[in-house]
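K.L.:
My questions concern the predicted model and sequence given below.
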Amino acid sequence: MIPLDYYLVLSAFMFCVGVLGVVVRRNAIIVFMSIELMLNSVNLSLIAFSSFLGDPTGQMLVFFVMTVAAAEAAVGLAIIIALFRNKQTVNIDEINILKW
Amino acid sequence: MTLLASLELFDIIFYFFAFVTIVSAAVVVFSRNIVHSAFSLMFTFFGVAALYVMLNADFIAVTQVLVYVGGILVLLLFGVMLTTKVISVEMKTGTLQTLPASILVAVLAGTLCGIFWITDWLTPVARNAELPATTSSGIGRALMTTYLLPFEVASVVLLVAMLGAAMIARRERKR
């Protein structure tokens, strides 16, 4: 039987790949996909805890995390499309009008 | 003997899906072509869904496929198509500050994995002690009783997000 640690380490690796994507990539949509990766890894660890505790509460948490992730995806992509319409780019280094 | 064989099969399936998930996640981040990233993300989502099935979370696994693969991934592909010039080389996007970022992420990964290994988690004996074979009915009952308020709030969140996304993405109209 696979111990709980394996699932947690897997989710830690997924989370770190997501962090690397957010830090390294400059394309807003890739950054967006990396955020989805991080959300998925946290969901995986929640499900693993729920399964090993024999308590379905973790699955309810994942259900609500998915709801918020769907809302975040819709609003985030709308923001990216609005940005692209105004600046003709999705490179987040060129979207810096809040910097001074 | 058959029990041992089935356990080994379970382990092999776990390693297979863990490998698929990690490799496709790496492709998402490191691929030069954004469409390759989007398709690789699909394999990540399916791999995570398979791991959910292995963790006795059948309802969540189906929801994962429906919401992530059916919804969010299609939305992301729409975003790719709407914001990149498909014919030109705009799709190729570079990376920068790779070395400091790699050091930062390596430290983060080491910390997380160290904590996970050091902590004494539950022994696998207690595993699945109380979880029923199918979780759908339990989740449905919990949504209508204990988690009724979060459920309703989530529906309002989705409605507001839908309206907000439509408002933001719409073209500005001249008054």
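P.N.:
On my side now, so go ahead.

K.L.:
for the residue positioned nearest the centre of chain B, what are its contacts?
P.N.:
Centroid-nearest residue in chain B: residue B:45, 5.1 Å away (criterion: Cα atoms, centre = their mean). Counting by Cβ atoms under 8 Å, 6 or more residues apart in numbering or on different chains, residue B:45 makes contact with A:40, B:64-65, B:68-69, B:73. Where you see a C-beta, it was placed from the backbone N, CA and C, and this is true even at glycine.

K.L.:
low-scoring stretches of chain A, by residue?
P.N.:
Counting by pLDDT under 70, the ranges of chain A that qualify are A:100.

K.L.:
longest single helix anywhere in it?
P.N.:
The longest helix of chain A (DSSP state H) is helix A:57-87.

K.L.:
That helix and chain B in contact?
P.N.:
Yes - in terms of Cβ under 8 Å from any Cβ of the partner chain, part of helix A:57-87 sits within range of chain B, namely A:59-60, A:62-64, A:66-75, A:77-82, A:84-85.

K.L.:
Buried residues, that helix. List them.
P.N.:
Buried residues in helix A:57-87, counting neighbours by 16 or more other Cβ atoms under 10 Å in any protein chain shown, are found at A:58-64, A:66-67, A:69-84.

K.L.:
Now do the same contact list for the closest residue to residue A:84 other than its chain neighbours.
P.N.:
Leaving aside its chain neighbours, residue A:84 sits nearest to residue B:83 (4.2 Å; criterion: Cβ to Cβ, 6 or more residues apart in numbering or on different chains). Residue B:83 sits next to A:28-29, A:80-81, A:84, A:90 when contact means Cβ under 8 Å, 6+ apart.

K.L.:
can you put the residues you listed in JSON lines and add distance to residue B:152?
P.N.:
Formatted as JSON lines, these follow (distance: Cβ to Cβ, whole Å):
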{"residue": "A:28", "distance to residue B:152": "33"}
{"residue": "A:29", "distance to residue B:152": "32"}
{"residue": "A:80", "distance to residue B:152": "30"}
{"residue": "A:81", "distance to residue B:152": "30"}
{"residue": "A:84", "distance to residue B:152": "35"}
{"residue": "A:90", "distance to residue B:152": "35"}
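
K.L.:
Return the closest of these with respect to residue B:170.
P.N.:
Checking the contacts of residue B:83 against residue B:170 with Cβ to Cβ, the nearest one is residue A:81 at 9.7 Å.

K.L.:
is chain B contacted by the one helix or strand residue A:47 maps to?
P.N.:
Here residue A:47, judged by DSSP states H and E, is contained in helix A:28-53. Yes - looking at helix A:28-53 against chain B by Cβ under 8 Å from any Cβ, the contacts come from A:28-30, A:32-34, A:36-37, A:40, A:43-44, A:47-48, A:50-53.

K.L.:
Repeat that for stretch A:89-99.
P.N.:
Yes - Stretch A:89-99 comes into contact with chain B (Cβ under 8 Å from any Cβ), by way of A:90-91, A:93.

K.L.:
any chance you could map the helices in chain B?
P.N.:
Going by DSSP H, chain B shows helices at B:2-30, B:34-54, B:58-64, B:73-83, B:98-118, B:136-144, B:148-169.

K.L.:
Can you add mean pLDDT and distance to residue A:14 and give the ones you listed back as JSON lines?
P.N.:
Formatted as JSON lines, the helices of chain B follow (pLDDT from 0 to 100; distance: least, Cβ to Cβ, whole Å):
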{"stretch": "helix B:2-30", "mean pLDDT": "84", "distance to residue A:14": "6"}
{"stretch": "helix B:34-54", "mean pLDDT": "92", "distance to residue A:14": "8"}
{"stretch": "helix B:58-64", "mean pLDDT": "91", "distance to residue A:14": "14"}
{"stretch": "helix B:73-83", "mean pLDDT": "86", "distance to residue A:14": "16"}
{"stretch": "helix B:98-118", "mean pLDDT": "87", "distance to residue A:14": "10"}
{"stretch": "helix B:136-144", "mean pLDDT": "86", "distance to residue A:14": "24"}
{"stretch": "helix B:148-169", "mean pLDDT": "92", "distance to residue A:14": "24"}
